[in-house]
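Participant: Sequence and predicted structure below; questions after.
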Amino acid sequence: MNVNQSAPPVPPFGQPQPIYPGYHQSSYGGQPGSTAAPTPYGAYNGPVPGYQHAPPPPGVSRAPPSSGAPPASTAQGPCGQNAYGQFGQGDVQNGPSSTVQMQRLPGSQPFGSAPLAPVVSQPAVLQPYGPPPTSAQVTAQLAGMQISGAVAPASPPSGLGYGPPTSLASASGNFPNSGLYGSYPQGQAPPLGQTQGHPGAQPPQRSVPPQASSFTPPASGGPRMPSMTGPHLPGQSFGGPPGSQSNHVSSPSPQALPSGTQMTGPPGPPPPMHSSQQPGYQLQQNGSFGPARGPQPNYGSPYPGAATFGSQPGPPQPLPPKRLDPDAIPSPIQVIEDDRNNRGSEPFVTGVRGQVPPLVTTNFLVKDQGNASPRYIRCTSYNIPCTSDMAKQAQVPLAAVIKPLARLPPEEASPYVVDHGESGPLRCNRCKAYMCPFMQFIEGGRRFQCCFCSCINDVPPQYFQHLDHTGKRVDAYDRPELSLGSYEFLATVDYCKNNKFPSPPAFIFMIDVSYNAIRSGLVRLLCEELKSLLDFLPREGGAEESAIRVGFVTYNKVLHFYNVKSSLAQPQMMVVSDVGDMFVPLLDGFLVNVNESRAVITSLLDQIPEMFADTRETETVFAPVIQAGMEALKAAECAGKLFLFHTSLPIAEAPGKLKNRDDRKLINTDKEKTLFQPQTGAYQTLAKECVAQGCCVDLFLFPNQYVDVATLSVVPQLTGGSVYKYACFQVENDQERFLSDLRRDVQKVIGFDAVMRVRTSTGIRAVDFFGAFYMSNTTDVELAGLDGDKTVTVEFKHDDRLNEESGALLQCALLYTSCAGQRRLRIHNLALNCCTQLADLYRNCETDTLINYMAKFAYRGVLNSPVKTVRDALITQCAQILACYRKNCASPSSAGQLILPECMKLLPVYLNCVLKSDVLQPGAEVTTDDRAYVRQLVISMDVAETNVFFYPRLLPLTKSPIESTTEPPAVRASEERLSNGDIYLLENGLNLFLWVGASVQQGVVQSLFGVSSFSQITSGLSVLPVLDNLLSKKVRGLIDNLRAQRSRYMKLIVVKQEDKLEMLFKHFLVEDKSLSGGASYVDFLCHMHKEIRQLLS
């Protein structure tokens, strides 16, 4: 079968098809179911000594610049941890200091007359014939800017087509002393041919390579730039070869540059001037040329009401430093908006091989016509190189992010369940791949050729069907496995453990009843919630009640098991104090059906808080608790999940005892990796036993101090479970978040005792895996539990040459036990294109998936390598990807241009967000536990989650009409986008902030907070009052809607402008410089360009 042939209309799979009694529709998943850390990037945007700074224009007030880290007490919770959400971020000052205001060159237009307009993709009117242009081609002025001092070109190392020159300074996140941006030695005039006068005499540069975004330096140097030298920072050497400069930056802030991405002049003097201004293009208000640019969505001019500068300048005056215009560099918001507009209205039909799906930020429907939906599988590239040499040259990782049990929107049907009876699913005899739409039937339908290994197999008589004139089976569209990308098979007994069908799974709730848990009110809250929550255990399809059985354990230094058999009048407690040799003291009556034992369970949940109300026991055990749960599941011969509610470091004498090893002095040393590694190997051994039993562990942590998340999360991580963390838990503040997470965790559909294998067609193979699972061999991903939020990321490498005609195929097969105890196989198939031209690879990449893979690769890397090494490797790889494009795909242009592939133009901004994240560059307030917690979270995130986690959404609330029900359009995550007369929501999937500007109208404050003025708003408020007006309803509805989109409940924090909590909020404005030393987007783009030029030279 030719995978590219257009598929005939498919019969609607939305309803069961009576013609095939053996195959029924499942509704699987269908139920509703200190001082600042040294700054490695130097003082880039700081004030320049000796220059007058213009005051901020009216209407754009700024917080006063902070002159260092705030006191350690700012924005803290009651126990020294941060007063917010899932993980404490540092008190961080982001964004440009208020002293540096952007200045423009004098222009021929009134300055404030129109919104600033960035260059967007070339308009089609410029090319009336031929295909519309695909590139966001851009030119920009970086007045005489030079990214680095002259770098002596070095011969590349042998064996590489290009590569890091031997003299290349390490690509760390640090910016070396790179010389002035296009400045001249003291007292020396610019080279001849340069004018110091009006910049309106420069021709626009418009070299247009296919599929690229670019920025150009101007031909004229403009006024001389002052030197700006930041201080030497302690301990922050550049880390390149010997002789590399120490980290201080001498450069003025770069100037404005339009959208796309070309930057920086070549080392040495800038190129000479050419002709005078071309007719037809007037000078724009930021001094750049080209057709007038349309406004970027959602922002007006950054400086409303500024003065107009229309006069010609006199003799050269020292001007304030110019900065790159942030509107001119690629905007994530613009890219997301464009994709929504272009691809949100049409369904994504999966019939064609190698189609790049819409972005994860776009809402779209999927029609399965032979390839798995992007909700199940997303790839870093949908067109992969034919040879390993080509793949090595491009350095683009070939990876797939697979979410086998992803939840689908209600408009899309769950995968069909196919029952082949006792014979089981049809497979290839050699490679064991499952029947799929790409298998080729031959000899009149009596045999089929495997699309993965080319083996010829006989078709069993009961599966035989004739072929039509195209060679396709006449029943192809009646069989999901021959026409759809995703489907399920009912597994036969051969696919079950010990060759017998599994029992329904069990849930065991294991509750810490030590002093901390009782005192905080946690135990009482949890027991109250469980009474009602047990009615909502996951169930299969139309089942009346859940098949899952439940059990209860409480513990401190010893364990208490409860017999809740339905025939008892009261629950019975059995204590096991020998935690060194754990056993389960009862079998009958421990795991019970909720409805049968309801009265006894309710009685138990009422008694637990009273029984331990006067406890003085502060010590806890941990490993024996997991051991006990696993032994109970083993005795009951079933798989299941343990829900552990735990408060403190397990220091009681028992297996798995831990000590406090928190040591901030290890940060930025070679021993920093030990902070991410488990203290003891005992938990890995325990996790391995849990996986063998199908025992998944979900851990809810309520720490008041260090609990060693890196060690405690090992078992949840290796068993496919989840970790939730509520630092300094207080019932009144955190109850809603904890209960919401718990409800969702207990109710979500889950597969137990799962094994996943990814098969590929000849030429590539799966070589590396990332996620929450265990692997005992090199091919099988073992998951004691797998839910609809978890992903497994798989990297592929070449082991042979691929063929452009046949493409490449992936098949992911997941064998698991459903909530009802049914053994099933879920199959996802995907066909990719193969290419011999690098341009085809770069045209079909997906940056969001690439960043998901690179973040996971880096977050795993910190376990074994110093963090600096991991950061350097990321920057180097990104530079190599972009340098290869520049060298092999872009049309020739000056070295001063930064040219980015159209579909990768956001790679630098997103990569910078990963580099600045708490795991790779912690602020002073980020705890070791926070970093370990975030590290294990990201490892199993899907693409949509990493997208918003690394680049948060910032939504202005008062710009859109009050009666509008749609989500307001986002703005870029930078302090420059905040207006002090507005209110903004910021979310990153874990945290939710409501930022209130100091000049917000009184009416708005009254409508939203029910108080009469800004000063009366309570900072740190976590719940908005329920008020009966349009604005209040709209904002509360929006918050509910944002929470519904995320897999974890986001606790709201109200932040007032210039309040101490604002530091926390600014940490998430990721386009700005961070207090922990992370570069701003503009600076990082310049640094990336320098790295690329070093590779190309």
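Facilitator: Great, that's in hand.
Participant: Residue ranges in the protein under the pLDDT threshold?
Facilitator: Using pLDDT under 70 as the threshold, the predicted model of the chain has low-confidence ranges 1-323.
Participant: which one's the longest strand in it?
Facilitator: The strand spanning the most residues in the chain, taking DSSP state E as the definition, is strand 823-835.
Participant: The stretch 401-550 of the chain: helices as residue ranges?
Facilitator: Along the stretch 401-550 of the chain, counting by DSSP state H, counting those that start in this stretch, helices occupy 480-483, 515-519, 522-533.
Participant: which of the ones you listed is buried the deepest?
Facilitator: Burial of these is given as mean neighbour count (mean count of other Cβ atoms under 10 Å); helix 480-483 ranks first at a mean of 23. C-beta here means a position set from N, CA and C on the backbone, and glycine is covered the same way.
Participant: Can you pull out the residues in contact with that one?
Facilitator: Counting contacts by Cβ atoms under 8 Å, 6 or more residues apart in numbering, the residues outside helix 480-483 that touch it are 7, 10, 13, 23, 369-370, 415-416, 418, 425-426, 434-437, 439, 473, 475-477, 487, 489, 827.
Participant: Kindly report the same for stretch 484-500.
Facilitator: 13, 26, 28, 350, 368-373, 376, 415-420, 422-425, 434, 437, 480-481, 501-502, 753, 815, 822-830.
Participant: buried subset of the residues you listed?
Facilitator: Neighbour counting by 16 or more other Cβ atoms under 10 Å classes 13, 26, 28, 350, 368-373, 376, 415-418, 420, 424-425, 434, 437, 480-481, 502, 753, 815, 822-830 among the contacts of stretch 484-500 as buried.
Participant: tell me the contacts of the most centrally placed residue in the chain?
Facilitator: Centroid-nearest residue in the chain: Thr946, 0.8 Å away (criterion: Cα atoms, centre = their mean). Shown in contact with Thr946 (Cβ under 8 Å, 6+ apart): Asp848, Ile851, Asn852, Ala855, Val938.
Participant: so is the first one in a helix, a strand, or just coil?
Facilitator: Three-state secondary structure (criterion: DSSP: H, G, I helix; E, B strand; the rest coil) places Asp848 in helix.
Participant: Report the contact partners of Leu1052.
Facilitator: When the contact criterion is Cβ under 8 Å, 6+ apart, the partners of Leu1052 are Leu992, Phe993, Leu994, Leu1021, Ser1022, Val1023, Leu1024, Ile1039.
Participant: mind checking the SS state of it?
Facilitator: With three-state DSSP as the basis, Leu1052 sits in strand.
Participant: Okay, and the beta partners of it?
Facilitator: When bridges are called by DSSP bridges, Leu1052 pairs up with Leu992.
Participant: Let me see the ranges of the strands in the stretch 351-500 of the chain.
Facilitator: Taking DSSP state E, counting those that start in this stretch as the criterion, the stretch 351-500 of the chain contains strands spanning 366-367, 377-379, 383-385, 399-402, 417-418, 440-442, 447-449, 456-458, 486-490.
Participant: Report the buried residues of the last one.
Facilitator: Of all the residues in strand 486-490, those buried under the rule 16+ other Cβ under 10 Å are Ser486, Tyr487, Glu488, Phe489, Leu490.
Participant: what separates the longest helix belonging to the chain from the chain centre, distance-wise?
Facilitator: Longest helix of the chain, by residue count under DSSP state H: helix 867-888. Here helix 867-888 shows a centroid-to-chain-centroid distance of 19 Å under the convention Cα atoms, centre = their mean, to the nearest Å.
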